[in-house]
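Chemist: Give me a 3D structure for the following:
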Amino acid sequence: MMKRTRSWAVATMVGLAVLGTSACDDFLATEPKAELTTGNFFQTESQAIAATNATYNMLRNWSVHVFAWLGMTDIASDDATKGSTPGDAAFLSDFEDLNWTSGNNAFLDTWTGYYQGIYRANIAIQGIPQVAGDSQLKERLIAENKFLRAYFYFFLVRAYGGVPLITEPLTPSQSRTQTRAPAEDVWAQIERDLNDAIAVLPESYGPNDIGRATRGAAHALLAEVHLFQGEYEDAWEHAQQVTGYDLFPNYATLFTRAGENSVETVFEVQSVALEQGGGGSQYQEVQGVRGTPNLGWGFNTPSDNLEAAYEPGDPRQQATILYAWELLPDGSGRVVYYNPQMLNNQYNQKVFISPETPGGAGNGGVNIRRIRYAHVLLNAAEAAYRTGREAEARTLLNQVRARARGNREVTLGIQPEPLAESIATNVIGLGPDDSRVFVRYVPEGSPADNAGLREFTFECSNGSCAQQEVPPVRVLNMDIIQSVGGIDIQTIDDYFDAVDAQAPGSQVAVEVLRVTMDANNAVSTQTFTANVTAQELLPDVTASGQALLDAIWHERRVELAMEQHRWFDIIRQGRAAEVMAAAGKTFQTGVHELYPIPLQEITLTGLQQNPGYN
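Modeler: As a prediction, this is how the structure comes out:
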């Protein structure tokens, strides 16, 4: 499944053939088609736009936002596991085990991809001034490329520390003589590029240019750049400049089509599943369900540690983790089948794609969310705390929590799910008037032991589950909610209406139908009542001092989970060793803060290696 990669030094030989694309409505989702050279390029405005589009195209590239990058951002952290099957892409296991070397494929892959993106930006920044035409358009396109160059370097400096700082196109021979710039020089260049972009970029674009970098995106990225350097007053000031955005009202649908390019979008990578291909990415495919329905390869799976991090009843848990036997969030009625070959049968629900994607899952048309307004608010909350603005920090933090709870105020501490009709009728034998609400957990203290299951199992008699009329599921202790506080339950809406009628602190009787199917497929049921204490759902944080900072960090984790921020966050926060120890992993202080420079780059260019690596 791994694709071939090239050295960053070799990547500089990529010619202007990659730059030929026309300006059109899906400009960020069309691969270039014409072959152009330095002899006939940068003559027209359309070519200047094409050069800029080519830089954007790198954001969907395998080496930038797909396989290896997921290993270096999520799988290395406590949020995710490698997933897939035991022997598949074993090099990603090194990230889960925190046991990588400079020869790991992931490092050369990302190094090559990000430097190729920088190369394209440099080509455009150098060439666009030569074009005769609208000076404002040219300035804007240069600013877009500077934003993207800053974005590429932002990953590289966090991943590798000081790296070769290249701000103009180089020949292959020049590339091989580059040395590592100090990290502070790389940070300074990122800041220059973003400040230059802020001075030029517009607040928004028309419908034909959706997805291009805006002034708000540049302020947002610069705020985080300052946050990572401990420059909290600057981070606060730039976060305040991110205006014109808001929180999308429903977190559960934020990562569906409805949430793409929404009011919450500050910057996201544009993808579209064109019939002819070329506009999608494999970001969704590598994380999609592996098995039935077959949406992908099943890598980068949410960890038990992440699952346990959510507060009781937090709706974001269900919106982030797609479980076995859960209905797909597309309304199709399809069910995620348990796959006994998988190491982890939990999937990243935030990257869900439809099985009907033109060209298959590898042509994923789901946008990759990189900066959301919630992300900006949490950056601002931490910067506010660090600069003595605790009241502002609490306000920003509680704004994010309020959106998460939506219009609900009360929870019983459980995560209800709709039961697939095929399982309800064909496997369990429920009647049409029976509840279709089940839970994997019943709150701690319930009188019934082992209530709810985290995963179900099944057996395929003919080896092809999808072709069987009745889902071949062996259910172990599925708990179906029949009533809450004396109110009969049939649907998820019934459940939440009944819970909303309860007062925090009150004892609520929850009638549960436990369904058990043994190894011989014999179904038995048991009814019991659990007395549950109703709680306030995601109450506002009132803490101060270190407890407030801890709350901001916690919120950052659960709000941005599986969006590829966690690893760099815990390193920045200075608590990676503590966090990873809690996840049963050993973080080597003084080594693991940076990844090793790829071995091939050391061999080709003689770059100095990071401490702790051969």
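Chemist: CA atoms for contacts and neighbours, from now on please.
Modeler: Will do.
Chemist: For V523, give me the pLDDT.
Modeler: Turning to V523, the model gives it a pLDDT of 76.
Chemist: count of residues packed around it?
Modeler: Look at V523: counted by other Cα atoms under 10 Å, it has 16 neighbours.
Chemist: pretty sure it contacts M478?
Modeler: No. If you go by Cα atoms under 8 Å, V523 and M478 don't touch, sitting 11.0 Å apart.
Chemist: Overlap of the contact sets of the two?
Modeler: Residues touching both V523 and M478 (Cα atoms under 8 Å, 6 or more residues apart in numbering) are V515, T516.
Chemist: Can you show me the helices along the stretch 101-250 of the chain?
Modeler: With DSSP state H, counting those that start in this stretch, the ranges of helices along the stretch 101-250 of the chain come out as 105-127, 135-160, 172-175, 183-200, 215-228, 232-240.
Chemist: Could you check how far the helix or strand just after the last one is from the centre of its chain?
Modeler: Next helix or strand after helix 232-240 toward the C-terminus (DSSP states H and E): helix 251-254. The gap between the average C-alpha position of helix 251-254 and the chain average comes to 14 Å, counting by Cα atoms, centre = their mean, to the nearest Å.
Chemist: Contacts for helix 251-254, please.
Modeler: Contacts for helix 251-254 (Cα under 8 Å, 6+ apart): F248, G259, E260, P315, R316, Q318, A319, R403, A404.
Chemist: could you redo the helices of the stretch 101-250 of the chain as JSON lines and give each row mean neighbour count?
Modeler: Below are the helices of the stretch 101-250 of the chain laid out as JSON lines (neighbours: other Cα atoms under 10 Å):
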{"stretch": "helix 105-127", "mean neighbour count": "25"}
{"stretch": "helix 135-160", "mean neighbour count": "23"}
{"stretch": "helix 172-175", "mean neighbour count": "14"}
{"stretch": "helix 183-200", "mean neighbour count": "20"}
{"stretch": "helix 215-228", "mean neighbour count": "26"}
{"stretch": "helix 232-240", "mean neighbour count": "21"}
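Chemist: Sketch out the low-pLDDT regions of the protein for me.
Modeler: 1-39, 355, 441-477, 517-519, 521 (pLDDT under 70).
Chemist: Which ones among the contacts of helix 251-254 map onto helices?
Modeler: P315, R316, Q318, A319, R403, A404 (DSSP state H).
Chemist: Check the gap between L419 and A324 for me.
Modeler: 12 Å (Cα to Cα, to the nearest Å).
Chemist: Give me the common contacts of the two.
Modeler: Counting by Cα under 8 Å, 6+ apart, nothing touches both L419 and A324.
Chemist: one step back: okay if I get the helices of the stretch 101-250 of the chain as CSV plus distance to V508?
Modeler: Output for the helices of the stretch 101-250 of the chain, formatted as CSV (distance: least, Cα to Cα, whole Å):
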stretch, distance to V508
helix 105-127, 51
helix 135-160, 49
helix 172-175, 68
helix 183-200, 54
helix 215-228, 44
helix 232-240, 43
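Chemist: Indicate which one of the ones you listed is closest to Y613.
Modeler: helix 135-160 (12.0 Å; Cα to Cα).
Chemist: Who are the packing partners of that closest one?
Modeler: Other helices and strands packing on helix 135-160, by 3 or more Cα pairs under 8 Å, 6 or more residues apart in numbering; DSSP states H and E, are helix 45-57, helix 105-127, helix 183-200, helix 215-228.
Chemist: mind putting those in JSON lines, distance to L306 included?
Modeler: Shown next, in JSON lines, are those (distance: least, Cα to Cα, whole Å):
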{"stretch": "helix 45-57", "distance to L306": "32"}
{"stretch": "helix 105-127", "distance to L306": "24"}
{"stretch": "helix 183-200", "distance to L306": "31"}
{"stretch": "helix 215-228", "distance to L306": "23"}
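Chemist: what's the closest of those to S332?
Modeler: Proximity of these to S332 was assessed by Cα to Cα; the nearest stretch is helix 45-57, lying at 31.4 Å.
Chemist: For the closest one, buried residues please.
Modeler: Going by neighbour count (16 or more other Cα atoms under 10 Å), the buried part of helix 45-57 is E45, Q47, A48, I49, A50, A51, T52, N53, A54, T55, Y56, N57.
Chemist: Just the CA atoms of that helix, as CSV, please.
Modeler: Extracted C-alpha coordinates of helix 45-57, given in CSV (Å, rounded to 0.1, in the frame of the first residue of the first chain):
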residue,chain,number,x,y,z
GLU,A,45,-2.6,35.5,-15.5
SER,A,46,-4.0,32.1,-16.0
GLN,A,47,-0.6,30.6,-15.7
ALA,A,48,0.1,32.5,-12.5
ILE,A,49,-3.1,31.1,-11.1
ALA,A,50,-2.1,27.6,-12.4
ALA,A,51,1.2,27.8,-10.6
THR,A,52,-0.6,28.7,-7.3
ASN,A,53,-3.1,25.9,-7.8
ALA,A,54,-0.2,23.5,-8.2
THR,A,55,1.0,24.5,-4.7
TYR,A,56,-2.5,23.9,-3.3
ASN,A,57,-2.6,20.5,-5.1
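Chemist: Following element in sequence after it, please.
Modeler: Downstream of helix 45-57 (by DSSP H and E), the next one is helix 62-65.
Chemist: elements contacting whichever helix or strand comes after that following helix?
Modeler: Per DSSP H and E, the first helix or strand lying C-terminal to helix 62-65 is helix 67-70. Contact here means 3+ Cα pairs under 8 Å, 6+ apart; on that basis helix 67-70 packs against helix 105-127.
Chemist: centre of the chain versus the helix it packs on, how much separation?
Modeler: 22 Å.
Chemist: how many degrees apart are it and helix 45-57 in direction?
Modeler: Angle of helix 105-127 versus helix 45-57, following axes from the mean of the first three to the mean of the last three Cα atoms, to 10 degrees, is 160 degrees.
Chemist: Against which helices or strands is helix 105-127 packed?
Modeler: Helix 105-127 packs on helix 8-11, helix 45-57, helix 62-65, helix 67-70, helix 135-160, helix 599-605, going by 3+ Cα pairs under 8 Å, 6+ apart.
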